[in-house]
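Engineer: Turn this into a model:
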Amino acid sequence: QVQLVESGGGLVQAGGSLRLSCAASGRTFSSYIYVMGWFRQAPGKEREFVAAIPWSGSTDLTNSVKDRFTISRDNAKNTVYLQMNSLKPEDTAVYYCVADPSGVRVRTAPQNWGQGTQVTVSS
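Structural biologist: Sure thing, here's the model as predicted:
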C-alpha cells in the first residue's frame with residue numbers, strides 16, 4: 001500500500017505562483033521503484049496528466065504547462081513537488097499526486113492517487 005498526501009494548494013491571482021508538495025509513505029513504497037507525478041481535474045473536465053518524474057532522469061510535463069511548471073523530487077524525503085509559476089485561470093483544478101512503478105502507466109492510469117488539493121487561480 002502506498003499513501004500519498006498533497007499540500008500547498010490555495011487561491012492565487014493570475015500570474016502568481018504556488019508550490020504543491022506530496023509526501024509518499026507505505027510499506028511497499030520505494031523511491032527507487034516508483035515514478036511520481038501529478039494529474040489535475042478542472043470543473044466539468046476529465047482528469048489530465050500534468051507531470052512525471054522518475055527516481056533519476058528527465059522529467060515530463062504536458063505541453064500546456066511546460067514553460068511554467070517544474071516537477072522535482074527529494075528521494076530522501078519521499079516527496080515530489082510541483083512548482084507552478086505564471087498561473088492562469090485555466091490552471092484552476094484539483095491537483096492529484098500519483099505514483100506507479102511504470103513510467104508509462106503513471107501517465108495514463110496510475111495505481112496510486114492522493115486525495116487531491118484545490119488550486120484556484122483568479123483573473
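Engineer: make it CA atoms for all contacts and neighbour counts henceforth
Structural biologist: Noted.
Engineer: Report the contact partners of the residue nearest in space to the middle of the chain.
Structural biologist: Nearest residue to the geometric centre of the chain (C-alpha atoms, centre = their mean): residue 38, 2.4 Å. Listed by C-alpha atoms under 8 Å, 6 or more residues apart in numbering, the contact set of residue 38 reads 49, 50, 51, 52, 82, 95, 96, 97, 98.
Engineer: Identify the bridge partners of the third one.
Structural biologist: To tie it back to what came earlier, the one meant is residue 51. residue 38, residue 61 (DSSP bridges).
Engineer: Kindly give the local confidence score, pLDDT, for residue 84.
Structural biologist: Reported pLDDT at residue 84 in the predicted model: 98.
Engineer: repeat for residue 75
Structural biologist: pLDDT at residue 75 comes out at 93.
Engineer: Extract the CA atoms of stretch 17-36 and return them as PDB.
Structural biologist: Extracted C-alpha coordinates of stretch 17-36, given in PDB (Å, rounded to 0.1, in the frame of the first residue of the first chain):
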ATOM      1  CA  SER A  17       2.900  31.100  -8.100                       C
ATOM      2  CA  LEU A  18       2.200  28.100  -5.900                       C
ATOM      3  CA  ARG A  19       4.200  25.100  -4.900                       C
ATOM      4  CA  LEU A  20       2.500  21.800  -4.300                       C
ATOM      5  CA  SER A  21       4.100  19.000  -2.200                       C
ATOM      6  CA  CYS A  22       3.300  15.300  -2.000                       C
ATOM      7  CA  ALA A  23       4.700  13.000   0.600                       C
ATOM      8  CA  ALA A  24       4.700   9.300  -0.100                       C
ATOM      9  CA  SER A  25       4.700   6.600   2.500                       C
ATOM     10  CA  GLY A  26       3.700   3.000   2.900                       C
ATOM     11  CA  ARG A  27       5.200  -0.400   3.500                       C
ATOM     12  CA  THR A  28       5.700  -1.100  -0.200                       C
ATOM     13  CA  PHE A  29       6.900   2.400  -1.300                       C
ATOM     14  CA  SER A  30      10.400   2.900  -2.500                       C
ATOM     15  CA  SER A  31      11.700   6.000  -4.200                       C
ATOM     16  CA  TYR A  32      13.900   3.800  -6.400                       C
ATOM     17  CA  ILE A  33      10.900   2.000  -7.800                       C
ATOM     18  CA  TYR A  34       8.100   4.500  -8.100                       C
ATOM     19  CA  VAL A  35       7.700   7.100 -10.700                       C
ATOM     20  CA  MET A  36       5.800  10.100  -9.200                       C
END
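Engineer: Thanks again, I'm all set now.
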